[in-house]
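> Build the 3D model from these lines:
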Amino acid sequence: MKRRLPYIGIFLLLLIIEILIALFIKGGFVRYYLGDVIVVWVCYCFAQIFLGGRHNIKTAIGVLIFAFITEFLQGINIVDRLGLGGSAFFRTLIGTSFSTYDLICYAVGIAVNILGIVIWKKLVTDKRSSAAE
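Residues are numbered from 1 along each chain as shown. Below is the predicted model:
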(Lines give C-alpha, C1' and ligand atoms only; values in the text may rest on other atoms or scores of the structure.)
Protein backbone atom coordinates (compact mmCIF):
# COMPACT_ATOMS: atom_id res chain seq x y z
CA MET A 1 0.00 0.00 0.00
CA LYS A 2 2.90 2.34 0.78
CA ARG A 3 4.03 2.35 -2.85
CA ARG A 4 0.49 3.15 -4.03
CA LEU A 5 -0.06 6.25 -1.87
CA PRO A 6 1.99 8.65 -4.01
CA TYR A 7 0.07 7.51 -7.10
CA ILE A 8 -3.25 8.08 -5.33
CA GLY A 9 -2.24 11.60 -4.37
CA ILE A 10 -0.85 12.51 -7.78
CA PHE A 11 -3.86 10.95 -9.50
CA LEU A 12 -6.29 13.03 -7.44
CA LEU A 13 -4.31 16.24 -7.98
CA LEU A 14 -4.05 15.73 -11.74
CA LEU A 15 -7.70 14.71 -11.97
CA ILE A 16 -8.72 17.94 -10.25
CA ILE A 17 -6.53 19.90 -12.69
CA GLU A 18 -8.15 18.13 -15.65
CA ILE A 19 -11.64 18.84 -14.31
CA LEU A 20 -10.78 22.50 -13.78
CA ILE A 21 -9.41 22.74 -17.32
CA ALA A 22 -12.59 21.14 -18.69
CA LEU A 23 -14.88 23.41 -16.69
CA PHE A 24 -13.15 26.77 -16.88
CA ILE A 25 -10.80 26.93 -19.85
CA LYS A 26 -12.67 27.16 -23.13
CA GLY A 27 -9.79 27.26 -25.60
CA GLY A 28 -6.14 27.85 -26.23
CA PHE A 29 -2.97 25.91 -25.55
CA VAL A 30 -3.94 24.66 -22.08
CA ARG A 31 -7.33 23.29 -23.15
CA TYR A 32 -6.33 21.83 -26.51
CA TYR A 33 -2.82 20.56 -25.86
CA LEU A 34 -1.69 20.59 -22.23
CA GLY A 35 -4.89 18.87 -21.11
CA ASP A 36 -4.11 15.98 -23.47
CA VAL A 37 -0.57 15.72 -22.13
CA ILE A 38 -1.86 15.65 -18.56
CA VAL A 39 -4.63 13.11 -19.23
CA VAL A 40 -2.11 10.33 -19.97
CA TRP A 41 -0.42 11.10 -16.65
CA VAL A 42 -3.81 10.75 -14.95
CA CYS A 43 -4.33 7.37 -16.61
CA TYR A 44 -0.80 6.26 -15.73
CA CYS A 45 -1.24 7.14 -12.05
CA PHE A 46 -4.65 5.45 -11.99
CA ALA A 47 -3.13 2.25 -13.40
CA GLN A 48 -0.27 2.39 -10.91
CA ILE A 49 -2.71 2.58 -8.00
CA PHE A 50 -3.66 -1.00 -8.88
CA LEU A 51 -0.23 -2.16 -10.04
CA GLY A 52 1.56 -0.86 -6.97
CA GLY A 53 4.20 1.07 -8.91
CA ARG A 54 5.50 -1.92 -10.85
CA HIS A 55 6.19 -2.28 -14.55
CA ASN A 56 6.57 1.49 -14.97
CA ILE A 57 7.64 1.78 -18.59
CA LYS A 58 5.37 -1.07 -19.70
CA THR A 59 2.47 0.65 -17.96
CA ALA A 60 3.31 3.95 -19.64
CA ILE A 61 3.35 2.30 -23.07
CA GLY A 62 0.06 0.55 -22.26
CA VAL A 63 -1.48 3.91 -21.37
CA LEU A 64 -0.26 5.34 -24.68
CA ILE A 65 -1.84 2.44 -26.58
CA PHE A 66 -5.08 2.95 -24.63
CA ALA A 67 -5.05 6.69 -25.44
CA PHE A 68 -4.44 5.99 -29.14
CA ILE A 69 -7.27 3.43 -29.26
CA THR A 70 -9.61 5.89 -27.54
CA GLU A 71 -8.67 8.61 -30.05
CA PHE A 72 -9.27 6.29 -33.00
CA LEU A 73 -12.65 5.30 -31.52
CA GLN A 74 -13.50 8.99 -31.46
CA GLY A 75 -12.79 9.01 -35.19
CA ILE A 76 -15.59 6.49 -35.75
CA ASN A 77 -18.00 8.40 -33.47
CA ILE A 78 -18.08 5.69 -30.81
CA VAL A 79 -20.14 7.85 -28.43
CA ASP A 80 -22.99 8.10 -30.94
CA ARG A 81 -22.66 4.44 -31.96
CA LEU A 82 -23.09 3.42 -28.33
CA GLY A 83 -26.17 5.61 -28.03
CA LEU A 84 -24.48 7.96 -25.57
CA GLY A 85 -24.41 11.00 -27.85
CA GLY A 86 -27.06 12.78 -25.80
CA SER A 87 -24.95 12.67 -22.65
CA ALA A 88 -22.63 15.63 -22.12
CA PHE A 89 -20.74 13.54 -19.55
CA PHE A 90 -19.86 10.75 -22.00
CA ARG A 91 -19.20 13.19 -24.83
CA THR A 92 -16.63 14.89 -22.59
CA LEU A 93 -15.23 11.71 -21.03
CA ILE A 94 -14.75 9.73 -24.24
CA GLY A 95 -14.51 12.60 -26.71
CA THR A 96 -16.21 13.13 -30.02
CA SER A 97 -13.59 14.10 -32.58
CA PHE A 98 -10.37 12.58 -33.84
CA SER A 99 -7.26 14.75 -33.94
CA THR A 100 -3.73 13.93 -34.96
CA TYR A 101 -2.62 16.67 -32.57
CA ASP A 102 -4.15 14.71 -29.70
CA LEU A 103 -2.06 11.68 -30.65
CA ILE A 104 1.05 13.87 -30.61
CA CYS A 105 0.10 15.29 -27.19
CA TYR A 106 -0.43 11.78 -25.80
CA ALA A 107 2.98 10.72 -27.13
CA VAL A 108 4.63 13.81 -25.62
CA GLY A 109 2.91 13.14 -22.29
CA ILE A 110 4.14 9.55 -22.20
CA ALA A 111 7.63 10.60 -23.31
CA VAL A 112 7.78 13.02 -20.36
CA ASN A 113 6.41 10.27 -18.13
CA ILE A 114 9.08 7.79 -19.27
CA LEU A 115 11.79 10.45 -18.85
CA GLY A 116 10.55 10.96 -15.29
CA ILE A 117 10.66 7.21 -14.65
CA VAL A 118 14.24 6.97 -15.94
CA ILE A 119 15.39 9.97 -13.90
CA TRP A 120 13.65 8.65 -10.76
CA LYS A 121 15.23 5.21 -11.15
CA LYS A 122 18.64 6.81 -11.64
CA LEU A 123 18.20 8.93 -8.50
CA VAL A 124 17.08 5.90 -6.46
CA THR A 125 19.96 3.80 -7.80
CA ASP A 126 22.50 6.55 -7.05
CA LYS A 127 21.04 6.99 -3.54
CA ARG A 128 21.27 3.25 -2.85
CA SER A 129 24.82 2.94 -4.17
CA SER A 130 26.04 5.96 -2.16
CA ALA A 131 24.37 4.57 0.98
CA ALA A 132 26.14 1.24 0.46
CA GLU A 133 29.57 2.90 0.32
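
> does I16 sit in a helix, a strand or a coil?
helix (DSSP: H, G, I helix; E, B strand; the rest coil).

> If you could redo that for V30, that was the one I meant.
helix.

> In contact with F46: list those residues for me.
F46 sits next to Y7, F11 when contact means CB atoms under 8 Å, 6 or more residues apart in numbering. Where C-beta positions appear, they are placed from N, C-alpha and C, glycine not excepted.

> buried residues in the helix or strand encompassing it?
Assigned by DSSP states H and E, F46 belongs to helix 35-51. Buried residues in helix 35-51, counted by 16 or more other CB atoms under 10 Å: 35-49, 51.

> and if you look at stretch 98-110?
Neighbour-count burial for stretch 98-110, counted by 16+ other CB under 10 Å, picks out D102, L103, C105, Y106, A107, G109, I110.

> Report the separation between the fifth one and G9.
The reference is to A107. Counting by CB to CB, to the nearest Å, the gap from A107 to G9 is 26 Å.

> where are the low-confidence patches of the protein?
132-133 (pLDDT under 70).

> Mind doing that once more with 80?
1, 127-133 (pLDDT under 80).

> Nearest residue to the residue positioned nearest the centre of the chain in space, please, no chain neighbours.
Central residue of the chain (CA atoms, centre = their mean): V40, 1.4 Å from the mean position. Counting by CB to CB, 6 or more residues apart in numbering, V40 lies nearest to G109, which is 3.9 Å off, once chain neighbours are set aside.
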